[in-house]
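Novice: Quick one, what's the 3D model for this:
(chains A, B, C and D)
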2 protein chains.
Amino acid sequence: MADDNGYNDTGAKSAHRPVVTIHDVARHAGVSSMTVSRVMTGKRHVSEAMRERVNAAIAELEYSPNITARSFSSAVRVGAIYSNPASSNLGSFLMGAFRQSGESGCQFLIEPGRNEKEALESLGRLVEARIGGVILPPPLCDSEAILEFAARSDVLPLAFATAIPREGVSAIIVDDYKGAYDMTRYLIGLGHRKIGFVQGDPKHSPSQRREQGYRAAMAGASLMIDDEWIAPGLFTYRSGLDAARRLLNAASRPTAIFASNDDMAAAVVAVAHGMELLIPRDISIAGFDDAQIAATIWPALTTIRQPISDMASRAVALLSDQVREARTGRQPEVRHVREMLTLVERDSTGALQV
Amino acid sequence: MADDNGYNDTGAKSAHRPVVTIHDVARHAGVSSMTVSRVMTGKRHVSEAMRERVNAAIAELEYSPNITARSFSSAVRVGAIYSNPASSNLGSFLMGAFRQSGESGCQFLIEPGRNEKEALESLGRLVEARIGGVILPPPLCDSEAILEFAARSDVLPLAFATAIPREGVSAIIVDDYKGAYDMTRYLIGLGHRKIGFVQGDPKHSPSQRREQGYRAAMAGASLMIDDEWIAPGLFTYRSGLDAARRLLNAASRPTAIFASNDDMAAAVVAVAHGMELLIPRDISIAGFDDAQIAATIWPALTTIRQPISDMASRAVALLSDQVREARTGRQPEVRHVREMLTLVERDSTGALQV
DNA sequence: CTGAAAGCGCTAACAC
DNA sequence: GTGTTAGCGCTTTCAG
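Specialist: Have a look, this model is predicted:
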């Protein structure tokens, strides 16, 4: 049936260029494969002449090492527990993590963890799968129970995208404060003076950092903040609806509104539309996170993006290094890597109209 | 604890229980490791008694196979090209695919492919990584260039989540027609008679199927469709805004609106809010896809969900089997697997108010 | 400094 | 049905 695509007919396996192995390179260069291995892994104890000869052979044969085989002997496994499987971030996260797991020659495992209980179960499963380290996004990275379990199981924890790193736990840190500061500065730069703010869920640590960033930028520009320009929120779209009504009906209406996340910013956009306000002519609206919804709605939201994919790569690389380090008996150095947030300018913000 | 034999003190390695290998299981069960391997991979040619004995040993030793080693020797690699890296589906897709790649003992690789050009480059990279098969979501699965490249490179293609399968190409099929039909029936069941429809992008194949499903259900209930209840759309939020204005301002306003996807349904919700219509009291609104936005906005959208994660598992399993089959020189049988869509009832729909 | 040998954990291929 | 053998591509010994 349907033979018209003509795949291989005679057992002509993959009829492509045969796989180049380290041995081929060795033969080609007239050395042992160990020497090639040493050159590849950048080890010392190889004479300069040798190194050059080997490198030439590598280039000539277009050799690229089989990372699976490499990691095979030393089977480093790192896990991750993801708190929100529905999040659009998950895709970027996994993309970055898996890419890097190839590079770093380690195995990457992922389990869900919507709440602490499920996360604990997941961690149990990961420990049974013999992971050496685990990536913990908030709020898991703040859970004593999780951290303790990891320590007891000899699993190295790595806090992911946390604003407030712990001592003794490596982390990929994200500067919510600076992100919010930058966004506020940007709005001020557009000419806005009356800038409203929708707070995030007070139980999440980024909330305060973001508000602090906003307040600092306002203060830095000697701008007063009217109490009615601050509305409480819960990071949900619905809470954003309430906040928007409040802000847009204020006696002295802000000309720009900065919401602590995109879901709430989208709600502000919806309410503004309902009031027949033109965006950004009548009001500028900005969000935070660069979630899926930010680019979906119209006008698309100006927001702050976290480079989730890069952060995930970095997390896997860092953790797999640490696991290897720990394998040798040494105590891996605790590291805090800071990631930069970038402002994504889209259509929901514009210069103040006079 | 299964075996509390002295944790190897020889090296200061990882002080955990020593790694359980297939050989340990074999020894424990008094069989050869091949038998264990056969049991693990679910092969036939193993007596029931053996199988049970081995399974007992596996359980007792808490053995879990090292998938790196597994995929290393047999090295079946399957790739996927994902067209929308920002999509919230990607997370589910990757989750399902990776889980299954462990099960199926194959290596899974993913590359981005926002457009045909990028997809072609990605496929090139995947071919160099020596994949045996590739998963192609729409619109990639309809691209001649991609399909041809795959055939030339001896890579088995698998169309993912397509509505219209090709002959000669295996596919995970999704029944857009039935999904739309079911949703329309559901709305009718709620008492609605005047049901509006927002069309999808005419260039996408699911668009027609969804509209056909809607029309069939209406006809099946002997319901007439007023021309002004049908509005064109492009699958974008913005196009949904225009469609909504049109539908909600119709002389004979529908009591329910079914949009061809969630982004447009969300836009309808926004416009309805702006007109001070209460949802679902004054108007019911339904979407399609169960995208991220469906559960984000308020009220949350009733929609049709594709079981992306399961579909991805199935895709990986199917493809890795086919690649193994092809390895033996046989031509793998083309298979079309149909996936069921489910209606997710949320808060944007309700019984017709009289 | 360089090389030879011995696997890592698993599975195709072939015996029995 | 089940076992034996021989690697997969690379790195870790341990000898030169």
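
Novice: Low-confidence ranges, the stretch 201-350 of chain A, go.
Specialist: A:328-329 (pLDDT under 70).

Novice: ok, 90 please
Specialist: By pLDDT under 90, the low-scoring segments of the stretch 201-350 of chain A are A:203-206, A:291-292, A:308-309, A:317, A:320-333.

Novice: those helices in it, which residues are they?
Specialist: Shown for the stretch 201-350 of chain A, the helices assigned by DSSP state H, counting those that start in this stretch span residues A:205-220, A:237-248, A:262-274, A:292-296, A:308-327.

Novice: Next one: stretch A:242-255, is it in contact with chain B?
Specialist: No: using CB under 8 Å from any CB of the partner chain, stretch A:242-255 never reaches chain B; the gap is at least 10.1 Å. Where C-beta positions appear, they are placed from N, C-alpha and C, glycine not excepted.

Novice: Can you tell me which of the helices of the stretch 201-350 of chain A is most buried?
Specialist: helix A:262-274 (a mean of 27; mean count of other CB atoms under 10 Å in any protein chain shown).

Novice: That one packs against which elements?
Specialist: Helix A:262-274 sits against strand A:195-198, helix A:237-248, strand A:256-259, strand A:284-286, helix A:292-296, helix B:262-274, with contacts defined as 3 or more CB pairs under 8 Å, 6 or more residues apart in numbering or on different chains; DSSP states H and E.

Novice: now with 6 Å?
Specialist: With contacts taken as 3 or more CB pairs under 6 Å, 6 or more residues apart in numbering or on different chains; DSSP states H and E, helix A:262-274 sits against helix A:237-248, strand A:256-259, strand A:284-286, helix A:292-296, helix B:262-274.

Novice: between the ones you listed, which one is nearest to A:Lys178?
Specialist: strand A:256-259 (14.2 Å; CB to CB).

Novice: dump the residue contacts of the residue nearest the centre of chain A.
Specialist: Centroid-nearest residue in chain A, with CA atoms, centre = their mean: A:Ile308, separated by 2.1 Å. By CB atoms under 6 Å, 6 or more residues apart in numbering or on different chains, the contact set of A:Ile308 is A:Asn89, A:Ser92, A:Phe93.

Novice: Output those in a markdown table; the columns should cover distance to B:Val271 and pLDDT.
Specialist: Conversion of those to a markdown table gives the following (distance: CB to CB, whole Å; pLDDT from 0 to 100):
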| residue | distance to B:Val271 | pLDDT |
| --- | --- | --- |
| A:Asn89 | 28 | 77 |
| A:Ser92 | 31 | 83 |
| A:Phe93 | 34 | 88 |
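
Novice: any chance of the residues you listed in TSV, plus distance to A:Leu247, neighbour count and secondary structure?
Specialist: Converted to TSV, these look like this (distance: CB to CB, whole Å; neighbours: other CB atoms under 10 Å in any protein chain shown; DSSP: H, G, I helix; E, B strand; the rest coil):
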residue	distance to A:Leu247	neighbour count	secondary structure
A:Asn89	27	25	helix
A:Ser92	31	23	helix
A:Phe93	32	27	helix
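
Novice: from those, which are also near DNA strand C?
Specialist: Checking the contacts of A:Ile308 against DNA strand C by CB under 7 Å from any atom of the strand, not one of them is in range.

Novice: Can you name the residues of chain A sitting close to DNA strand D?
Specialist: Proximity of chain A to DNA strand D, by CB under 7 Å from any atom of the strand, involves residues A:19, A:21-23, A:33-34, A:37, A:40-41, A:65-66, A:69-70, A:72-74.

Novice: still on that earlier bit, could you find the closest non-adjacent residue to the residue nearest to the centre of chain A?
Specialist: A:Ser92 (4.1 Å; CB to CB, 6 or more residues apart in numbering or on different chains).

Novice: Ok, A:His45 next?
Specialist: A:Arg38 (6.7 Å).

Novice: next one: A:Ala216
Specialist: Using CB to CB, 6+ apart, the nearest residue to A:Ala216 is A:Tyr181, at 5.6 Å.

Novice: what does A:His192 give?
Specialist: Once flanking residues are discounted, A:His192 sits nearest to A:Ala256: 4.1 Å by CB to CB, 6+ apart.

Novice: same question, A:Ile110
Specialist: A:Ala80 (5.0 Å).

Novice: Could I get the pLDDT score of that neighbour?
Specialist: Listed pLDDT for A:Ala80 reads 93.

Novice: For the helix or strand that contains it, which outside residues touch it?
Specialist: Assigned by DSSP states H and E, A:Ala80 belongs to strand A:76-82. For strand A:76-82, the surrounding residues in contact (CB under 6 Å, 6+ apart) are A:90, A:106-111, A:113, A:119, A:122, A:126, A:131-135, A:140, A:319-320, A:323-324.
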